[in-house]
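Chemist: Test case, fold it:
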Amino acid sequence: MFKLRRWQKRLVQVLLDSVLVALSFFTAMILRLDSFDFIGNHRVWYALLVLVPVSLLVFARLGFYRILIRFIGLRALPTVFLGIAASASVLQLAIFFAGLPIPRSVPAIYVPIALMLIGGVRFAVRALFLSRESRRKTRVVIYGAGESGRQVLSSLREGPEYAPVAFVDDSPLLQGTVVGAIPVHSPDRLPWIIETYGAQSVLLAMPSASPGQRAAILRRLETLPLQIQTIPGMADLVSGRAKISEIADVSIEDLLGRDPVPPRQDLLDADIRGKTVLVTGAGGSIGSELSRQILHLGPVRLLLMDISEFGLYTIDQELRQTAGRAGLRVEIAPLVGSVRDHGRMEAILRRFAVDTVYHAAAYKHVPLVEQNVVEGIRNNVFGTLAAARAAVAAGVQAFILISTDKAVRPTNVMGAAKRMAELVCQALAGEQKGTRFSMVRFGNVLGSSGSVIPLFRRQIAAGGPVTVTHPEINRYFMTIPEAAQLVIQAGAMARGGDVFVLDMGEPVRIADLAMKMVRLSGLNPVLAGERPNGRPLEAGEIEIVFTDLRPGEKLYEELLVGGGAMPTQHPRILTAMEQALPWATLQGRLAALESACEAGDLAAIKALLLDLPIGYAPADADFCDLTWKAGGTSVVPLPALAFARSGA
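Modeler: Take a look at the predicted model:
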């Protein structure tokens, strides 16, 4: 029946209803008269000549034959009852006006019988369909039996992928109740539910839960053999960016998330509201999130600068659409260019009368910078120098450098270059008072383009193995939105030359992170070397393989060079007292470094980095740039760098 065409299904329903109406009338007569003597009286059957066609017409008008039986629900019961009540009224009128030999109480008896037969058949067919479909669906437990959970239940029942088998909820008031014919259990009964119902997945239906609450729930669930999925958060539902029926795999960001500290609006507004703001590296992970948040803080003009055409185009289009939907009157200007071009930087800052610069443009991928030493230094050190000096020349009010925890006692060129960028901003802050320089230092952000998390996701999707560089390696993690919000607030607290450090929470072992991600996918992580006798992996297992530390990588990251940090007005922003060099001293070192980069003299570059007071201690003896390595011992001059063009 399920494979019939639509008109064929309607015809079957009409024929079946004709039989059921007649059967309901026949049964009502037997119950009323307690005998079969009426069967031979042909005048009794005249009632059906009116009852059947008029009832079918009433049913059709009420939409009985437009509703797909597979989707019929309890809300259809009033319509079914109304149709049968109308059918009984037709029978009553036929008895009265035609003087038929039928007791007047028969229509009243007819109603419950017809309701059971006509309504019952429809619900029985629906139950048969759902039972048939559920055998092909993923059996899912819904975590959260509130309003959102009920809406999810309805959506899942109508969809082709999931069969809800149970609710779990933390509220004792809901435990033991039944919602939509589905029992509500305590989360402690999840192992029993898995064994009894064969549940394969758990769906978090708590869009209004805070990050901390979601993280606590996920930590309880991660050890169970279940795939964990979620519906969109309340902010996305309210804004219309997502629907409650949209289901996605839960992210590691949910597991590592923490409750945000409410931001201070005065700090958010200080450098942005009513001003012209430039974000360099606007197409990157941090730069794009800074741009999103700045857009909603009321700038007059938002300038997006990036050397990547695609990255710039993507964030520009996104922000324009966001501004249009939200009715934000902000001028958005996408600017292609390199921060190393001092002339272009100064022209942009002057012509747009920029008030605030968030300098996020940098090369951040440690192994790549380690193999491209010269370009890493040119971009991270001299790009910052060009942008910072242009800001001073153009009279920019505030310049905020996005720094990194890898600048603390760096073991790689990327970290050393970012520490030097900090020294540049510190030195310029002491050299003049017109531009307020500050630096904000933090660790890894979840989901960034260079993060290990997207790599783990791809490896898990491919069936493994998941590669971790060292069993003990750990990192600090923070969500991109929280980091961007704290950067904005930290910059507003600066007095000049400040180094701010974000409270990243506790560091996370990368091996633990990999195992958590495997478990969240409903799979079982197996550490390399822990399979007895080298047995093959079983279904649902993902191997965790340890490789060597990558070039320039260290086991533990730090956030402070010195031994301590001072609190600020914000509980998650600290200020560090870091060593600085006066501009007169630093500019000589920069000139020497520029010359070494132009000459491709890697030995001189390494010696200069080691001599600078940045704590550089390379993890590898091999200090190479792939371009210069390929050229042997020959020296190929490079174009002049930003330092030389600036006239220092």
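Chemist: only C-alpha atoms for contact and neighbour calcs from this point on.
Modeler: Will do.
Chemist: Averaged pLDDT, the helix or strand hosting Val445. What do you get?
Modeler: Using DSSP states H and E, Val445 sits in strand 444-446. Mean per-residue pLDDT for strand 444-446: 76.
Chemist: Neighbouring strands - and their directions - for that strand?
Modeler: Paired strands of strand 444-446, with direction, are strand 477-479 (parallel) (DSSP bridges).
Chemist: how much distance is there from the strand it pairs with to the middle of the chain?
Modeler: 13 Å (C-alpha atoms, centre = their mean, to the nearest Å).
Chemist: Just the mean pLDDT for that strand, thanks.
Modeler: On average, strand 477-479 scores 81.
Chemist: what's the next secondary structure element after it?
Modeler: Next element after strand 477-479 (DSSP H and E): helix 480-492.
Chemist: Need the residues that contact that following helix.
Modeler: 260, 263-264, 267-268, 270-271, 285-286, 289-290, 293, 398, 400, 402, 438-440, 442, 445-448, 500, 502, 572-573 (C-alpha atoms under 8 Å, 6 or more residues apart in numbering).
Chemist: Filter those down to the buried ones.
Modeler: 267-268, 270-271, 285-286, 289-290, 398, 400, 402, 438-440, 442, 445-447, 500, 502, 572-573 (16 or more other C-alpha atoms under 10 Å).
Chemist: In strands only, show me these.
Modeler: Counting by DSSP state E, the part of the buried ones among the contacts of helix 480-492 found in strands is 398, 400, 402, 438-440, 445-446, 500, 502, 573.
Chemist: May I ask which of those comes out lowest in pLDDT?
Modeler: Comparing those by pLDDT, Leu446 comes last, at 73.
Chemist: Which residue, neighbours along the chain excluded, lies closest to it?
Modeler: Nearest residue to Leu446 in three dimensions, chain neighbours excluded: Thr479, at 5.0 Å (C-alpha to C-alpha, 6 or more residues apart in numbering).
Chemist: same question, Trp628
Modeler: Nearest one to Trp628, counting by C-alpha to C-alpha, 6+ apart, is Gly600 at 6.6 Å.
Chemist: Hmm, the one you found is touching Val374, no?
Modeler: Yes. Look at Gly600 against Val374 with C-alpha atoms under 8 Å: they come within range, at 7.2 Å.
Chemist: So for those two, which residue has more residues nearby?
Modeler: Val374 (27 against 23; other C-alpha atoms under 10 Å).
Chemist: ok now do the more buried one, which residues does it touch?
Modeler: 597, 600, 625.
Chemist: That one: what secondary structure?
Modeler: helix (DSSP: H, G, I helix; E, B strand; the rest coil).
Chemist: now do Glu543
Modeler: Classified using three-state DSSP, Glu543 is strand.
Chemist: who's it bridged to?
Modeler: Bridge pairing for Glu543 - DSSP bridges - gives Val526.
Chemist: Quick check, it in contact with Gly529.
Modeler: No. Contact criterion C-alpha under 8 Å: Glu543 and Gly529 do not qualify, at 9.4 Å.
Chemist: coming back round to it: look up how far Val339 lies from the residue nearest to Trp628.
Modeler: 21 Å (C-alpha to C-alpha, to the nearest Å).
Chemist: and if you look at His359?
Modeler: Counting by C-alpha to C-alpha - His359 and Val339 are separated by 9 Å.
Chemist: Among the two, which residue is more densely surrounded?
Modeler: The neighbour comparison of His359 against Val339 (other C-alpha under 10 Å) goes to Val339, with 29 against 24.
Chemist: what's the closest non-adjacent residue to the more buried one?
Modeler: Nearest to Val339 is Gly383, by C-alpha to C-alpha, 6+ apart, at 5.1 Å.
Chemist: what's the neighbour count on the one you found?
Modeler: Count around Gly383 with other C-alpha under 10 Å applied: 24.
Chemist: Next: Val250.
Modeler: 20.
Chemist: thought it was touching Leu221?
Modeler: No. Using C-alpha under 8 Å, Val250 makes no contact with Leu221, being 11.5 Å away.
Chemist: Show me whatever sits in contact with both of these two.
Modeler: By C-alpha under 8 Å, 6+ apart, the residues touching both Val250 and Leu221 are Ile228.
Chemist: The stretch 201-350 of the chain: strands as residue ranges?
Modeler: Using DSSP state E, counting those that start in this stretch, the strands of the stretch 201-350 of the chain run over 201-204, 227-230, 248-249, 276-280, 301-306, 331-336.
Chemist: cool, and the stretch 451-600 of the chain?
Modeler: 466-468, 474-475, 477-479, 498-502, 508-509, 524-527, 541-546, 565-567, 573-576.
Chemist: Just put these in CSV and tack on distance to Ser208.
Modeler: CSV is the format used below for those (distance: least, C-alpha to C-alpha, whole Å):
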stretch, distance to Ser208
strand 466-468, 33
strand 474-475, 29
strand 477-479, 18
strand 498-502, 26
strand 508-509, 26
strand 524-527, 30
strand 541-546, 33
strand 565-567, 31
strand 573-576, 26
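Chemist: Of those strands, which stretch is the most buried?
Modeler: Most buried of the strands of the stretch 451-600 of the chain, by mean neighbour count (mean count of other C-alpha atoms under 10 Å): strand 498-502, with a mean of 26.
Chemist: Sheet-wise, list the partners of that strand with their directions.
Modeler: For strand 498-502, pairing defined by DSSP bridges yields strand 436-441 (parallel), strand 573-576 (antiparallel).
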